[in-house]
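> below are the sequence and a predicted model for it; my questions follow.
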Amino acid sequence: MCDMMIAPQDYHNVRTWLEACRRPLLVTHRRPDGDALGALAALTLVLRGWKQDPRPALYEPFPPRYALLAGLTAWHDWGQEHGKLTAECDALVILDTCAAAQLEPLAGYLPHAARTLVIDHHATRDPLATRATDLCLFDESAGAVCLLIAEWMKTAGVALTAPIATALLTGLGTDCGWFRFANTDARMLRKAAELSEAGASANAIYRAIYEQDPPAKLRLIARMLETLESHAGGRLAVMSLRKTDIEAAGADRALTEDLVNEAGRLAGMEATLLFTEERDSSVRVNFRSKSTLDVAALASRFGGGGHTRAAGARPAGTWDEVVPRVIAETLAALGSPPR
């Protein structure tokens with residue numbers, strides 16, 4: 001199999017598009033993970049090297065878990081600075097999503113945004129960046145958007161520095177479960193080796209992200225596991241976290257990232273659901289599957305999306321409405337009747 005799934009000319013088109021920028025606004029989805037933050041940091045460093053003034057913006061405070069990326073550049077607060085950012089920026093770059101629901105804070109800006117570039121590897125897509133001046137780069141076979149950024153840099157002749165390599169390896173490692181998820185392939189592993197050769201330390205990145213948890217994280221895991229239910233003869237695991245659980249653990253919502261994967265070690269389990277009650281009482285659902293269930297298609301029924309094996313959604317409705325409805329739909333998708 002070829003390492004690169006995108007034609008070289010498409011990568012060169014991205015370079016040409018970016019070279020025409022002076023002060024681009026870089027954004028990603030809500031609750032950014034390591035892949036989203038790594039891509040933002042890496043592309044920001046590239047553009048700064050081109051003497052541009054890129055503005056990476058987040059909708060929430062920078063996640064403490066990814067502190068190793070926090071110091072690579074200045075991060076902007078969309079909520080506090082959106083007026084200044086939209087007035088000064090001459091382009092919009094969206095990374096790691098093409099779903100309007102994940103860009104909700106930008107809802108009022110997107111229809112009037114400056115020329116827009118989208119780089120994404122998810123199967124779920126909304127009609128963003130459709131104007132003649134816009135550009136999209138999609139590859140759902142890529143295990144991480146940081147893989148696309150790394151491939152683009154190599155094809156377009158962009159220098160790879162140790163800080164950029166660290167940001168990109170953070171994205172690769174976190175999006176494939178540190179090279180154990182189904183999206184880990186030879187293409188990912190070869191690129192990880194190149195990033196390591198460029199100065200990224202896999203051990204240092206792993207320790208910084210996964211071995212710095214506060215005690216509240218373990219208390220949160222314990223409360224979540226107490227809710228574990230088994231359905232469909234053990235093929236579906238369901239867990240939940242209410243607002244009271246998060247408060248009792250002394251945790252914040254940033255600590256809920258990746259908790260859905262805790263049930264993955266169960267024998268015979270094909271799919272996992274994690275329901276999390278948000279501050280506004282809405283319900284966030286994380287979907288995971290091992291080998292057969294397309295959870296991106298399942299999540300799309302509830303206004304969400306993602307990958308075939310990992311997806312998310314925020315269905316409309318109360319907790320008592322959402323939870324049984326999502327469980328029933330998942331059981332039907334698994335070919336099992338609700339119990």
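Happy to help now that I have it.
> domains in this structure, by residue range?
8-210, 215-334 (automatic domain parsing).
> so Phe138 touches Leu117, yeah?
No - applying C-beta atoms under 8 Å, one finds Phe138 not in contact with Leu117, separated by 11.6 Å. All C-beta atoms are positioned from the backbone trio N, CA, C, and that covers glycine.
> show me which of these two is the more surrounded one.
Set side by side, Phe138 and Leu117 show more neighbours around Leu117, with 23 against 18, by other C-beta atoms under 10 Å.
> for the more buried one, give its distance to Val285.
Look at Leu117 and Val285: by C-beta to C-beta, to the nearest Å, they are 30 Å apart.
> what of Thr170?
Distance of Thr170 to Val285, computed by C-beta to C-beta: 26 Å.
> quick one: pLDDT of Arg339?
On pLDDT, Arg339 comes in at 54.
> cool, and Gly264?
Gly264 is given a pLDDT of 89.
> dump the residue contacts of it.
By C-beta atoms under 8 Å, 6 or more residues apart in numbering, the contact list for Gly264 reads Thr272, Arg288, Lys290.
> which helix or strand contains the first one?
Following DSSP states H and E, one finds Thr272 within strand 271-277.
> for Ala57, same thing?
Going by DSSP H and E, Ala57 is part of strand 55-58.
> are any of the contacts of Gly264 buried, and if so which?
Neighbour-count burial (16 or more other C-beta atoms under 10 Å) is assigned, among those, to Thr272, Arg288, Lys290.
> secondary structure class for the second one?
Assigned with DSSP: H, G, I helix; E, B strand; the rest coil, Arg288 falls in the strand class.
> pretty sure it contacts Glu270?
No - contact status for Arg288 versus Glu270: not in contact, 9.5 Å apart, counting by C-beta under 8 Å.
> show me which parts of stretch 156-173 are buried, residue by residue.
Neighbour counts over stretch 156-173 (16+ other C-beta under 10 Å) mark 156, 158, 160, 163-173 as buried.
> skipping adjacent residues, who's closest to His76 in space?
With C-beta to C-beta, 6 or more residues apart in numbering as the criterion, His76 has its nearest non-adjacent residue at 4.2 Å, and that residue is Ala57.
> surely the one you found is in contact with Gly79?
No - using C-beta under 8 Å, Ala57 is not in contact with Gly79, being 9.3 Å away.
> which one of the two is surrounded by more residues?
Neighbour totals were compared for Ala57 and Gly79, and Ala57 leads with 21 against 11 (other C-beta under 10 Å).
> enumerate every residue touching that one.
By C-beta under 8 Å, 6+ apart, the contact list for Ala57 reads Leu25, Leu26, Val27, Trp75, His76, Asp77, Trp78, Glu81, His82, Leu85.
> make JSON lines from the residues you listed and add neighbour count, secondary structure and distance to Val93 to it.
Output for those, formatted as JSON lines (neighbours: other C-beta atoms under 10 Å; DSSP: H, G, I helix; E, B strand; the rest coil; distance: C-beta to C-beta, whole Å):
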{"residue": "Leu25", "neighbour count": "26", "secondary structure": "strand", "distance to Val93": "7"}
{"residue": "Leu26", "neighbour count": "24", "secondary structure": "strand", "distance to Val93": "5"}
{"residue": "Val27", "neighbour count": "28", "secondary structure": "strand", "distance to Val93": "7"}
{"residue": "Trp75", "neighbour count": "18", "secondary structure": "coil", "distance to Val93": "15"}
{"residue": "His76", "neighbour count": "19", "secondary structure": "strand", "distance to Val93": "13"}
{"residue": "Asp77", "neighbour count": "14", "secondary structure": "strand", "distance to Val93": "18"}
{"residue": "Trp78", "neighbour count": "18", "secondary structure": "helix", "distance to Val93": "14"}
{"residue": "Glu81", "neighbour count": "13", "secondary structure": "helix", "distance to Val93": "16"}
{"residue": "His82", "neighbour count": "18", "secondary structure": "helix", "distance to Val93": "16"}
{"residue": "Leu85", "neighbour count": "19", "secondary structure": "helix", "distance to Val93": "12"}
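> ranges for the helices of the chain?
Assigned by DSSP state H, the chain shows helices spanning 8-19, 34-49, 67-70, 78-88, 145-155, 162-175, 186-197, 202-210, 215-225, 243-248, 295-300, 319-334.
> got the contact list for the shortest one?
Contacting residues not belonging to helix 67-70 are listed as 34, 37-38, 41, 62, 166-167, 170, 204-205, 208-209, 212 [C-beta under 8 Å, 6+ apart].
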